[in-house]
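Chemist: Structure for this input, please:
(chains A and B)
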Amino acid sequence: MEKELRLMKGNEAIAEAAIRAGADGYFGYPITPQSEILEYLMEANPQTTTGMVVLQAESEVAAINMVYGGAACGKKVMTSSSSPGISLKQEGITYIAGAELPCLIVNVVRGGPGLGTIQPAQSDYFQATKGGGHGDYHLLVLAPASVQEMADFVELGFDLAFKYRNPVMILSDGAIGQMMEKVWLKPQKKRSEEILPWATTGKPASRPRNIITSLDLDSERQEKFNLKLIAKYREMEENEVRFEEFMTDDAEYIFVAYGTSARICQKALQLARAEGIRAGLLRPITLFPYPKKRLNELADRVKGMLAVEMSAGQMVEDVMLSVNGKTRVSHYGRMGGMIPTPEEVLENMKLFIKG
Amino acid sequence: MADITFNDIIKPENLTYKKSKLMTDNVMHYCPGCGHGTAHNVLAEVLEEENLQERTVGITPVGCSVLMYNYIDVDFQEAAHGRAPALATAVKRLMPDKFVFTYQGDGDLAAIGTAETIHTCNRGENILMIFINNGIYGMTGGQMAPTTLAGMKSSTSPYGRDVSKMGSPIKMANIVAMLPGTCYVTRQSVNTAGGVRKFKKALKKAVQYQNEKRGTCFIEVVSNCPSGWKMTPVESNKWMEENMFPFYPLGDIKVPAE
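Modeler: All right, here's what the predicted structure looks like:
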């Protein structure tokens, strides 16, 4: 398959991009609003073309553990789900992080808590960036704001997962998953045939047996392992912070928003500028590692930052930590699947400016 | 024959049972008299004799055999509690030429992992599932398992398992035998030399069926837990024969048509 321009849903773009990125396996379970990923892959039937395995598991729990098994073989494997399903996967995710396995997990977020709603939300930020499962670990979290990024972040996600031997999450939402946009798809990549030295692929005489586990009953060794993980996360913070800025050069007030909210803030920004308000926007692309340094620099010369999220206020805590009291920080959010309008966001920026 | 000495007996040609070359020298953590060590060695013998080391991926459970990867010299993945069949499914689907086995206890396979057990068997994944059933949670200190016999005492059924409140012991081998995906389901034991030989024969059959990709093979081993049952090894074997075997009768439950 050559490079190609298509009109696709965000969910479909992820599925097609996974095939083209040379993924070895996808394991999933239906849940709205992301079932198109599994449906698209089943229809595309890549086992007959690239050899990619696609399997509908009996539960989200089984699906993430299939990902564990596949990742432990050094294979490029992924799963996807939406909020309640991602909660079910948390046990598997922490084991994957603890066993230092590379994989890609897609969360097309819907409103919660509980069964919540099927409409878009950004209320899984804490779960995605602060842990989610038990123990000290982090995912590397990518936040797409377009169908194009849904596609692009699949390959990027796999690359980062293997670079750090760490699970990577694409934290999307029901809006980006369901909306259609044009998307450039990359040419088909061949699936890797490389046998990774740490992978469980059957023990040849030439190496000791490989063991994939997250267990160490010796506290001293376990702490050393924890320190190793922390060093890995610091390395991500050094090398992998990604963000985008709009009109921040002369901005007095800055919107901080990711994903769907960032797109709404882009429009609110134009409306603000038209009214003579010197607003800017910082869009974090990686949510972990977070663009702390850049926000801290901007805090030296702006009058305030407004975090806009479709949640009760989760990412705003990272904005506060980043600026460390240097500037005013507030939050505006809608919940339960409600999406704020640009006008509504501008009104709230004006209220924030008034103080 | 009174003049036969010890040194006459230990000659290599007289050696019937020995440690498999695939067993490591690591000191085992299993309690004295536990069936796990024997089951491990028989499995290792079969892997060795069938030249499977280079293409074997084993999946260990959470439970007493969580550290199995320290004892058999093949590649291993350690699964979350109950999830071994899900891992094995992916390993086999992604690398169909490998020999993939899971090794689980009763809490792992028949309680927390029931869904994975049933659906892996129902899909007929080409893997071997080894199920050690000793009717108790050994590692956590002797709590009631889904396979604990009616009336049997454990730390969480101190007055005996009351089936009206706690449910009846579950016969997993019979359940998975009903699913079209399983090709070979058998119940064995390792407490006697005869039992060991039969278990080994069952493992060899399973290897053959795996090579022929005939579906899921499920071998239950009814075993003992001297520590959890609070008995000596000898008492526990006797108790097992008198109480476990009548409820979990040994023998083949499902065999494929030749």
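
Chemist: residue contacts, B:Asn89?
Modeler: For the record, residue B:89 is Thr, not Asn. B:Thr89 is in contact with A:Leu55, A:Ala62, A:Met66, A:Gly69, B:Thr120, B:Arg123, B:Glu125, B:Ile127, counting by CB atoms under 8 Å, 6 or more residues apart in numbering or on different chains. For glycine as for every other residue, the C-beta is placed from the backbone atoms N, C-alpha and C.

Chemist: quick one: which of the residues you listed is nearest A:Glu91?
Modeler: For the contacts of B:Thr89, the residue nearest A:Glu91 by CB to CB is A:Ala62; the value is 11.4 Å.

Chemist: Show the residue spans covered by the strands in the stretch 1-150 of chain B.
Modeler: For the stretch 1-150 of chain B, the strands defined by DSSP state E, counting those that start in this stretch cover B:56-60, B:75-78, B:99-105, B:128-133, B:136-137, B:143-144.

Chemist: what's the average pLDDT for the longest one?
Modeler: Averaging pLDDT along strand B:99-105 gives 98.

Chemist: again with the fourth one
Modeler: Mean pLDDT, taken over the full extent of strand B:128-133, equals 98.

Chemist: do that strand and chain A meet?
Modeler: No - using CB under 8 Å from any CB of the partner chain, strand B:128-133 never reaches chain A; the gap is at least 14.0 Å.

Chemist: what residues does the stretch 1-150 of chain A put near chain B?
Modeler: A:24-25, A:27, A:53, A:55, A:57-59, A:61-63, A:65-70, A:72-73, A:75, A:77, A:91-92, A:95, A:99.

Chemist: Okay, and which of those residues map to strands?
Modeler: Among the residues of the stretch 1-150 of chain A next to chain B, the members found in strands (DSSP state E) are A:Gly25, A:Phe27, A:Val53, A:Leu55, A:Val77.

Chemist: related to what we said a few turns ago, of the residues of the stretch 1-150 of chain A next to chain B, grab the buried ones for ChimeraX.
Modeler: The buried subset of those, as determined by 16 or more other CB atoms under 10 Å in any protein chain shown, is captured in ChimeraX by this line:
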select /A:24,25,27,53,55,57,58,59,61,62,63,65,66,67,68,69,70,72,73,75,77,91,92,95,99
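
Chemist: For the residue of the stretch 1-150 of chain A found nearest chain B, list the residues it contacts.
Modeler: Proximity of the stretch 1-150 of chain A to chain B (CB to the nearest CB) peaks at A:Gly69, 3.1 Å away. With contact set as CB under 8 Å, 6+ apart, A:Gly69 has these partners: B:Ile59, B:Gln77, B:Ala79, B:Ala86, B:Leu87, B:Ala88, B:Thr89, B:Ala90, B:Val91.

Chemist: Following the chain past the top helix by length along chain A, name the next helix or strand.
Modeler: Longest helix in chain A, counting residues (DSSP state H): helix A:219-239. Per DSSP states H and E, the first helix or strand lying C-terminal to helix A:219-239 is strand A:243-246.

Chemist: quick one: B:Ala80 and A:Lys293, what's the gap?
Modeler: Counting by CB to CB, to the nearest Å, the separation of B:Ala80 from A:Lys293 is 36 Å.

Chemist: quick one on the thing from earlier: out of the contacts of B:Thr89, which comes closest to B:His36?
Modeler: Closest approach between those and B:His36, by CB to CB: B:Ile127, at 20.0 Å.

Chemist: does stretch B:189-209 come close to chain A?
Modeler: No - on the criterion CB under 8 Å from any CB, stretch B:189-209 is out of touch with chain A, staying 14.5 Å away.

Chemist: Give me the distance from that stretch to the chain's centre.
Modeler: 11 Å (CA atoms, centre = their mean, to the nearest Å).

Chemist: And chain A, is stretch B:17-32 touching that?
Modeler: No - contact between stretch B:17-32 and chain A is absent, the nearest approach being 8.8 Å (criterion: CB under 8 Å from any CB).

Chemist: what is the rounded mean pLDDT of that stretch?
Modeler: So the average pLDDT for stretch B:17-32 ends up being 94.

Chemist: residues in contact with it?
Modeler: With CB under 8 Å, 6+ apart as the test, stretch B:17-32 has contacts from B:36-37, B:40-41, B:44-45, B:47-48, B:53, B:64, B:67, B:70-74, B:138, B:193, B:196, B:225-227, B:233.

Chemist: one more time with 6 Å
Modeler: Applying CB atoms under 6 Å, 6 or more residues apart in numbering or on different chains, the external contacts of stretch B:17-32 come out as B:36-37, B:41, B:44-45, B:47-48, B:70-73, B:226-227.

Chemist: Break down the stretch 51-200 of chain B into its helices, ranges please.
Modeler: B:84-94, B:106-107, B:114-123, B:163-166, B:172-177, B:193-211 (DSSP state H, counting those that start in this stretch).

Chemist: Residues contacting the shortest one, please?
Modeler: Meaning helix B:106-107. Outside of helix B:106-107, the residues within contact range by CB under 6 Å, 6+ apart are B:Gly63, B:Asn133, B:Tyr137, B:Ala145, B:Thr147.

Chemist: So B:Ala80 and A:Lys293 - more neighbours on which side?
Modeler: Looking at B:Ala80 and A:Lys293 with other CB atoms under 10 Å in any protein chain shown, you find the greater number of neighbours at B:Ala80, namely 25 against 12.

Chemist: any idea which of the contacts of B:Thr89 is closest to A:Ser206?
Modeler: A:Gly69 (23.6 Å).

Chemist: Would you mind measuring from that closest one to B:Leu15?
Modeler: Where B:Leu15 is concerned, A:Gly69 sits at a distance of 38 Å (CB to CB).

Chemist: Ok, A:His331 next?
Modeler: 75 Å.

Chemist: Of these two, give the one with the bigger neighbour count.
Modeler: For A:His331 versus B:Leu15, the count of surrounding residues by other CB under 10 Å is larger for A:His331: 21 against 9.

Chemist: what's the distance between B:Lys92 and B:Gly142?
Modeler: For B:Lys92, the distance to B:Gly142 equals 34 Å [CB to CB].

Chemist: the more surrounded of those two?
Modeler: Using other CB under 10 Å as the criterion, B:Lys92 and B:Gly142 rank with B:Lys92 on top: 22 against 19.

Chemist: If the closest residue to the more buried one other than its chain neighbours is in a bridge, with which residues?
Modeler: Of all residues not flanking B:Lys92 in the chain, B:Val100 sits nearest, at 4.6 Å (CB to CB, 6 or more residues apart in numbering or on different chains). Note on B:Val100: beta-bridge partners by DSSP bridges are B:Val57.

Chemist: Burial check on B:Val100, number of neighbours?
Modeler: With neighbours defined by other CB under 10 Å, the count for B:Val100 comes to 29.

Chemist: Repeat that for the one 4 residues further on.
Modeler: The number of residues packed around B:Gln104, counting by other CB under 10 Å, is 29.

Chemist: same thing with B:Val163?
Modeler: Neighbours of B:Val163 (other CB under 10 Å): 12.

Chemist: What number of residues are in the vicinity of the residue nearest to it when sequence neighbours are not counted?
Modeler: Among residues not flanking B:Val163 along the chain, B:Ala150 sits closest, at 4.9 Å (CB to CB, 6+ apart). If you count neighbours by other CB under 10 Å, B:Ala150 ends up with 15.

Chemist: Torsion angles phi and psi at B:Ala150?
Modeler: phi -60, psi 130 (degrees, to the nearest 10).

Chemist: isn't it right up against B:Asp162?
Modeler: No - judged on CB atoms under 6 Å, B:Ala150 makes no contact with B:Asp162 at a distance of 8.3 Å.

Chemist: how about A:Thr117, what does it touch?
Modeler: Contacts for A:Thr117 (CB under 6 Å, 6+ apart) come out as A:Gly111, A:Gly336, A:Gly337.

Chemist: Would you format these as a markdown table with pLDDT included?
Modeler: Rendered in a markdown table, the data for the contacts of A:Thr117 read as follows (pLDDT from 0 to 100):
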| residue | pLDDT |
| --- | --- |
| A:Gly111 | 97 |
| A:Gly336 | 96 |
| A:Gly337 | 96 |
